[in-house]
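# One predicted model, sequence on top.
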Amino acid sequence: MDPIINIDRLSFHYPDGKQALFEISLQVARGEKIALVGANGAGKSTLLQHLNGIIEGSGQIRIDGLEVKKVNLGAVRALVGVVFQNPDDQLFSPTVFDDVAYGPIYQGLDKQAVKARVEQALAAVHMGDYAARNPYHLSGGEKKRIAIATVLSMQPQILVFDEPTAALDPRARRELIELLHELPQTMLIATHDLEMVKTLTPRTVMLHQGRVVADGPTAAILADEDLLKTYGLW
């Protein structure tokens, strides 16, 4: 089967000239859950932002066979849902329903279809009773779930997470990891949370200064003490 994500020699320079990514090539099979790990500044978030065209470098990215370029961005963004580190970046409406409904409304669905999408997305994150709540009054863990629901309501095939467990207390963190286990979508998860990586993602890709320095089974990478020490993860 063709990979659902195919990255070929991706490089990226920031406007100030600093090079953040160096000819990264990566393939992701449909349904895989993959961790992107590395010290701060390794290029994890920069890489993720290329997957739905937030930023654009050189090289080529294909999402389910569709090249990520300006003419295809609408279709690509329907395939790739991005969940940011801070859920407040995605929650801006007076009610949870309105936030989760925003994407389907933007997609042009009618009221009944929007309502069905919202109910399905909230059920998927076990927040079905929260539709009328004000998102600003929720806990950090609840906000994370609603942020995920805002993406699920658009029915993407790929979920991209940037530090999903950051700032969560132990219970909320555990519940979020359990939720991510349940979701069937292909996932790329940028994180420093190696305990989550151990339990959630069978494959790990390690970045260092914009380059892939390791790619393989999570158990083998996390067992390599010298590798983790060399790249600042021990």
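Looks like it came in fine.
# rest of the way, CA atoms for contacts and neighbours
OK.
# the strands in the protein, which residues?
Here the chain has its strands, by DSSP state E, at 5-13, 19-28, 33-37, 58-63, 66-67, 80-83, 158-162, 186-190, 203-208, 211-217.
# Quickly compare these and say which is most buried.
Burial of the strands of the chain is given as mean neighbour count (mean count of other Cα atoms under 10 Å); strand 33-37 ranks first at a mean of 26.
# Direction included, what does that one pair against?
Strand 33-37 pairs in its sheet with strand 186-190 (parallel), strand 203-208 (parallel), by DSSP bridges.
# how about a markdown table for those strands, with distance to residue 25 added?
Listed next are those as a markdown table, based on distance: least, Cα to Cα, whole Å:
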| stretch | distance to residue 25 |
| --- | --- |
| strand 186-190 | 15 |
| strand 203-208 | 11 |
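# on that earlier part again, out of the strands of the chain, which comes closest to residue 140?
strand 80-83 (14.0 Å; Cα to Cα).
# Please compute how far that closest one lies from its chain's middle.
In terms of Cα atoms, centre = their mean, to the nearest Å, the centre of strand 80-83 is found 5 Å from the chain centre.
# do stretch 32-47 as well
10 Å.
# what does it rub up against?
By Cα atoms under 8 Å, 6 or more residues apart in numbering, the residues outside stretch 32-47 that reach it are 20-21, 162, 185-192, 197, 200-211, 231-233.
# pLDDT weak spots in this structure?
Within the chain, the stretches with pLDDT under 70 are 1.
# most centrally placed residue in it?
residue 160 (1.4 Å; Cα atoms, centre = their mean).
# show me where this protein has helices.
Ranges of helices in the chain, per DSSP state H, are 44-49, 73-79, 96-106, 111-124, 140-152, 170-182, 194-200, 218-223, 225-230.
# Switch the strands of the chain over to TSV; also include distance to residue 137.
Converted to TSV, those look like this (distance: least, Cα to Cα, whole Å):
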stretch	distance to residue 137
strand 5-13	37
strand 19-28	37
strand 33-37	31
strand 58-63	36
strand 66-67	39
strand 80-83	20
strand 158-162	23
strand 186-190	27
strand 203-208	35
strand 211-217	40
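# okay, how far is it across stretch 130-147, tip to tip?
13 Å (Cα to Cα, to the nearest Å).
# can you check stretch 159-176 too?
This stretch, stretch 159-176, spans 14 Å end to end (Cα to Cα).
# Can you list the neighbours in contact with that stretch?
Residues outside stretch 159-176 that contact it (Cα under 8 Å, 6+ apart): 45, 48, 80-85, 140-141, 144-145, 185-193.
# now swap in stretch 193-213 and tell me
19-24, 33-39, 41-44, 163, 165, 177, 180-181, 191, 214-219, 221-222, 231.
# related to what we said a few turns ago, can you tell me how far the residue nearest to the centre of the chain is from residue 80?
Separation of residue 160 from residue 80 (Cα to Cα): 7 Å.
# repeat for residue 113
20 Å.
# And residue 170, by the same measure?
For residue 170, the distance to residue 80 - Cα to Cα - is 28 Å.
# swap in residue 93?
From residue 93 to residue 80 the distance is 22 Å (Cα to Cα).
# And the contacts of stretch 223-234?
Contacts to stretch 223-234, defined as Cα under 8 Å, 6+ apart, come from residues 38-39, 192, 208, 221-222.
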